[in-house]
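Peer 1: need a 3D model of the following:
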Amino acid sequence: MYTNALQAISPIDGRYAPKTAALIPFFSEEALIRYRVQVEIEYFIALVELDLPQLKDFNRNLFHELRELYLNFSVQDAIKIKEIEKVTNHDVKAVEYFIKEKFDALKLQQYKEFIHFGLTSQDINNTAIPLSLKDAINNVYVPLLVEVKNKLKALSEEWAQVSMLARTHGQPASPTRLGKEIEVFVVRIEEQFDLMNDVKSAAKFGGATGNFNAHKVAYPNIDWRAFGKKFVQETLGLHQSFPTTQIEHYDHMAALFDCLKRINNILIDLDRDIWTYVSMDYFKQKIKAGEIGSSAMPHKVNPIDFENSEGNLGIANAIFEHLSGKLPISRLQRDLTDSTVLRNIGVPIGHTLIAFHSTLKGLNKLLLNEVKFAEDLENNWAVVAEALQTILRREGYPNPYEALKGLTRTNERINQTSIANFIETLEIPESVKQEMRNITPGNYTGI
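Peer 2: Residues are numbered from 1 along each chain as shown. As a prediction, the model looks like this:
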């Protein structure tokens, strides 16, 4: 076990630990154990509230003390459970035994066999893990994503009137505005965020093979289907998948990971565009005293934040891809491959957070180089050809596209003078010529 972040194998827990520390309460081993304790305790309380004959005299005033077992869960409690696990060689059973010891201490021995009553380990795992994932997304991921989106929104408004030469296939194309190009990413993120909110946080809860076999044989007159639905949806705030095998089918979780991957792809697209704009000198970057851009070239200020973001998003997406592809597949009523895979769901989210932080850092360092924007527009008067031929089409001028093609599709440089001279050769009303003279690369930017 490492004692220093320098000894960590994963950069999530080493180099980038400060950027991923917020995930510890949701995806660490301690967190998983605590969520398991929470589900076990809430399940026991739900059985008491069901008025089972053997639990009728349980003192409901003790519910608060029971909930304190997970509300005040400590690392020492987690260590104790891991010590029990060394004997049981079963992680969920170790949680059950830990709670039973607590019941002994509270002098509740007569009730402790209703801890984990009728359940299989996956009834705990398949509620604890979706619960932790939901909490992590809502409490950590979403606020940071919103911060990225809001930063982009602010930049799109700040740069709304900055005319810019567009490039399709890398070649000069109809001019655009920088703010609009940034707004494209804002809207894409917002639309995927809406889709993400539609994905259910689903959980399996139904006994060894999903049929409430043990529950029904013990209490045949109770509607266990209704109980399970109420417990999962009202107590835990999750969606109950039913029917299932021994495990959650993970289709909804796969949908979430696919959506997170799409959002990451949008940000990879952004990172690459901004990187390219920096290389084109459209942006300078704020210089921080003492920083070094290259060990050999003193002049360099590299767009490393966008490169770091792109790299981490790529790693995250590779793991999201595996999770969404693997988790919904399990042999017959269950194999164990989902168990070890689920322990890694925090990893791609960790890399995603690192990327978000890097993108934000990079965006905050950008300095607009308006001179370069204007220079590129001035050097590409040929892009107004589209505007001119469209007006000629409107006026019924013969073969306008071909006329502009003859002017612009040469190796000679097209400038304001050559465009003006071309306009003068046209047999069209003076008012239309003036309309065309008023068009420049800087103002031909559409809506």
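Peer 1: residues of the lowest-mean-pLDDT helix or strand in the chain that come out buried?
Peer 2: Ranked by mean pLDDT, DSSP states H and E, the weakest helix or strand in the chain is helix 400-408, scoring a mean of 77. When burial is assessed from 16 or more other C-beta atoms under 10 Å, helix 400-408 yields the following buried residues: Pro400, Ala403, Leu404, Leu407, Thr408. For glycine as for every other residue, the C-beta is placed from the backbone atoms N, C-alpha and C.
Peer 1: nearest to Tyr97 among those?
Peer 2: Thr408 (80.2 Å; C-beta to C-beta).
Peer 1: is the closest residue to Lys372 other than its chain neighbours in a helix, a strand, or coil?
Peer 2: Nearest residue to Lys372, sequence neighbours excluded (C-beta to C-beta, 6 or more residues apart in numbering): Asp281, at 4.7 Å. What DSSP: H, G, I helix; E, B strand; the rest coil gives for Asp281 is coil.
Peer 1: any chance of the buried residues of helix 400-408 in CSV, plus distance to Leu426?
Peer 2: Output for the buried residues of helix 400-408, formatted as CSV (distance: C-beta to C-beta, whole Å):
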residue, distance to Leu426
Pro400, 9
Ala403, 8
Leu404, 11
Leu407, 11
Thr408, 15
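Peer 1: hang on, the earlier thing: next helix or strand past the least confident helix or strand of the chain?
Peer 2: Next in sequence after helix 400-408, counting helices and strands by DSSP states H and E, comes helix 416-425.
Peer 1: residues making contact with that following helix?
Peer 2: Trp381, Val384, Leu388, Leu407, Glu412, Lys433, Met436, Arg437, Thr440 (C-beta atoms under 8 Å, 6 or more residues apart in numbering).
Peer 1: now for Ala208, how many residues are close by?
Peer 2: 18 (other C-beta atoms under 10 Å).
Peer 1: next, it: phi, psi?
Peer 2: Main-chain torsions, Ala208, degrees, to the nearest 10: phi -60, psi -40.
Peer 1: related to what we said a few turns ago, how about the buried residues of helix 400-408, which pair is most distant?
Peer 2: Pro400 and Thr408 (12.4 Å).
Peer 1: how deep is Phe73 tucked in, by neighbour count?
Peer 2: If we define neighbours as other C-beta under 10 Å, then Phe73 has 18 of them.
Peer 1: where does it land on pLDDT?
Peer 2: Per-residue pLDDT puts Phe73 at 98.
Peer 1: any idea how far it lies from Val37?
Peer 2: 6 Å (C-beta to C-beta, to the nearest Å).
Peer 1: quick one: residues contacting Pro175.
Peer 2: Listed by C-beta under 8 Å, 6+ apart, the contact set of Pro175 reads Ser163, Met164, Leu165, Ala166, Leu377, Val383, Pro441, Gly442, Tyr444, Thr445.
Peer 1: hmm, 10 Å instead?
Peer 2: Counting by C-beta atoms under 10 Å, 6 or more residues apart in numbering, Pro175 makes contact with 163-166, 373, 376-377, 380, 383-384, 386-387, 440-446.
Peer 1: surely it is in a helix?
Peer 2: No - assessed by three-state DSSP, Pro175 does not belong to a helix; its assignment is strand.
Peer 1: what about it, distance to Ile414?
Peer 2: From Pro175 to Ile414 the distance is 14 Å (C-beta to C-beta).
Peer 1: ok, Phe314 touching Ile354?
Peer 2: You called it Phe, but residue 314 is Gly. No - checked against C-beta atoms under 10 Å, the pair Gly314 and Ile354 is beyond contact range at 11.7 Å.
Peer 1: of the two, which one has the most company?
Peer 2: Ile354 (24 against 14).
Peer 1: check contacts around the more buried one.
Peer 2: Counted by C-beta under 10 Å, 6+ apart, Ile354 has contacts 11-12, 15-16, 18-20, 308-309, 311-313, 315-316.
Peer 1: between those residues, which has the most around it?
Peer 2: In these, the most neighbours by other C-beta under 10 Å go to Ser309, 31 neighbours.
Peer 1: gap between the helix or strand that one falls within and the chain center?
Peer 2: Using DSSP H and E, Ser309 sits in helix 304-326. Its chain's C-alpha centre and that of helix 304-326 lie 10 Å apart, by C-alpha atoms, centre = their mean, to the nearest Å.
Peer 1: next one: Gln7, what pLDDT does it get?
Peer 2: In this model, Gln7 carries a pLDDT of 88.
Peer 1: from memory it sits against Ala17, does it?
Peer 2: No - judged on C-beta under 10 Å, Gln7 makes no contact with Ala17 at a distance of 11.7 Å.
Peer 1: beyond the helix or strand containing Ala203, next helix or strand please.
Peer 2: Here Ala203 sits within strand 202-204, counting by DSSP H and E. Proceeding N to C from strand 202-204, the next assigned helix or strand is helix 213-218, under DSSP H and E.
Peer 1: okay, buried residues for that following helix please.
Peer 2: For helix 213-218, by 16+ other C-beta under 10 Å, it's His215, Lys216.
Peer 1: so how far is that helix from its chain's centroid?
Peer 2: 41 Å.
Peer 1: show me the strands in the protein, by range?
Peer 2: Per DSSP state E, the chain carries strands over the ranges 163-168, 171-177, 202-204, 239-241, 283-285, 366-368.
Peer 1: contact partners of the fourth one?
Peer 2: In this case it means strand 239-241. 126-127, 130, 199-206, 210, 225, 228-233, 247-252.
Peer 1: tell me which residues are up against stretch 397-411.
Peer 2: So stretch 397-411 is contacted by 381-394, 414, 418-419, 421-422, 425-428, 432 (C-beta under 10 Å, 6+ apart).
Peer 1: make it 6 Å
Peer 2: Applying C-beta atoms under 6 Å, 6 or more residues apart in numbering, the external contacts of stretch 397-411 come out as Ala382, Ala385, Leu388, Gln389, Leu392, Arg393, Ile414, Phe422.
Peer 1: please name the nearest non-neighbouring residue to Thr352.
Peer 2: Ala316 (4.6 Å).
Peer 1: do a quick rundown of the helices in the stretch 251-400 of the chain.
Peer 2: 251-279, 304-326, 337-342, 346-364, 370-378, 385-394, 400-408 (DSSP state H, counting those that start in this stretch).
Peer 1: got the contact list for the fifth one?
Peer 2: When contacts are defined by C-beta under 6 Å, 6+ apart, helix 370-378 is touched by residues Met164, Leu165, Asp281, Tyr282, Pro441, Gly442.
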